[in-house]
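>>> Quick one, what's the 3D model for this:
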Amino acid sequence: MNNFLDITKGGPLLFLEQNLLRFPQAKTSSSVYGSAIHKALEDAHVLARKDKKVPSLKTITEIFEKELKKGRLMDFEEKKLRERGENILSRYYELKKDEIRGEDTVELNFSKQSVMVDGALLTGKIDQIIEDENKNWTVIDLKTGKGVDGWDAPKLSAYEEIKLHNYRHQLMMYKILVENSRDYNTHTVTKGVLEFVEEEQDNKIQEISLSFDDKDTKHELEKMKKLIVAVYKKIVSLDFPDTSKYKQTIDGIKEFEEDLISGTI
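Modelled structure (predicted):
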């Protein structure tokens, strides 16, 4: 949904081209790298569950390198990203290996969960889920690239403001997916976490979290549901509005969202 709403990257027109018309798109080196890191960390949890022990760093690194090679990058790009990934995975393993216990759910796919919100059919995939003793869930999304100190961190760039806005949407979407799904709706998602796997803070992998028990966040969630329904109706009716009147800023995006919810566009 974010690529429909992010008017700074094409908005509804880009959604039409990528998701419905499916115009061919070349994979970028950053997307290939991100997918390879995700695959390595996902398989680490899968192997830990299967073998009842934490896989070796060598095993995890080999998964990354194999996945990176599938991207068919230029030799110099592959070499550069392989070295970057090996360094990142080594540090991540050092800091997080005790948490790779095989107990967490990874890459949970909702494509067959019949998730409906006021008539809008939803799907998605969650990187990692941690369940507490009360069966409450924390959903985790892994991010490569530069991290941020918090949702309201000082001196955020215009790009970072938009990125964080989209990330909040993403975490809220995960909660909505879980709690409206066929098989997992008995669970309550109490927190969403962004884990910046390449960033370190106080000898820990950097992360920021979003509590869904917070009053303001609950209000955001209700607004998010209305936005989901508004976007879904636009998509199924093949109504892709012109967004040229909106500023190419976070304020422009928020104005577009408000107009979608109110039905003025």
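>>> least trustworthy helix or strand in the protein by mean pLDDT?
Lowest mean confidence among the helices and strands of the chain (mean pLDDT, DSSP states H and E): helix 11-15, at a mean of 86.
>>> buried sites along that one?
Under the neighbour-count criterion of 16 or more other C-beta atoms under 10 Å, helix 11-15 has 11-12, 14-15 buried. For the C-beta atoms, the positions are set from N, CA and C on the backbone; glycine is no exception.
>>> Past it, which element shows up next along the chain?
Using DSSP states H and E, the next helix or strand after helix 11-15 towards the C-terminus is helix 29-51.
>>> Show me what that following helix is packed against.
Counting contacts by 3 or more C-beta pairs under 8 Å, 6 or more residues apart in numbering; DSSP states H and E, helix 29-51 packs against helix 57-69, helix 75-96, strand 105-109, strand 125-131, strand 137-143.
>>> Could you list the residues in contact with the first one?
Residues outside helix 57-69 that contact it (C-beta atoms under 8 Å, 6 or more residues apart in numbering) are 32-33, 35-37, 39-41, 43-44, 47, 78, 81-82, 85-86, 89-90, 93.
>>> Let's see that with 10 Å instead.
Contacts to helix 57-69, defined as C-beta atoms under 10 Å, 6 or more residues apart in numbering, come from residues 29, 32-33, 35-44, 46-47, 51, 54-56, 77-78, 81-82, 85-86, 88-90, 92-94, 97, 100.
>>> now the shortest one
The set of residues that contact strand 105-109 without belonging to it, under C-beta under 10 Å, 6+ apart, is 38-39, 41-46, 48-49, 123-131, 137, 139-140, 142, 174, 177-178, 181, 183-184.
>>> Please compute how far that strand lies from its chain's middle.
The chain centroid and the centroid of strand 105-109 are separated by 12 Å, computed with C-alpha atoms, centre = their mean, to the nearest Å.
>>> avg pLDDT for whichever helix or strand comes after that strand?
Reading on from strand 105-109 to the C-terminus, the next helix or strand found by DSSP H and E is strand 115-117. Across strand 115-117, pLDDT averages out at 95.
>>> picking up where we left off before, would you turn the helices and strands packed on helix 29-51 into CSV with mean neighbour count?
Compiled in CSV, the helices and strands packed on helix 29-51 are given as follows (neighbours: other C-beta atoms under 10 Å):
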stretch, mean neighbour count
helix 57-69, 17
helix 75-96, 15
strand 105-109, 17
strand 125-131, 18
strand 137-143, 21
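>>> Give me the neighbour count for Ser29.
As a burial measure, Ser29 scores 15 neighbours (other C-beta atoms under 10 Å).
>>> That one against Lys79, yeah?
No: at 11.5 Å, Ser29 does not count as touching Lys79 under the criterion of C-beta atoms under 10 Å.
>>> centroid residue for this structure?
Asp141 (5.0 Å; C-alpha atoms, centre = their mean).
>>> Is it bridged to anything, and to what?
Leu194 (DSSP bridges).
>>> shift numbering so it begins at 43
Done: numbering now begins at 43, and the last item shifts to Asp183.
>>> Quick one, grab the pLDDT at it.
We have a pLDDT of 97 for Asp183.
>>> cool, Val239 as well?
The model reports Val239 with a pLDDT of 97.
>>> May I have the phi/psi pair for it?
Taking degrees, to the nearest 10, you get phi -70, psi -20 for the backbone angles of Val239.
>>> and if you look at the one 5 residues further on?
Dihedral angles phi and psi of Asp244 (degrees, to the nearest 10) take the values phi 60, psi 50.
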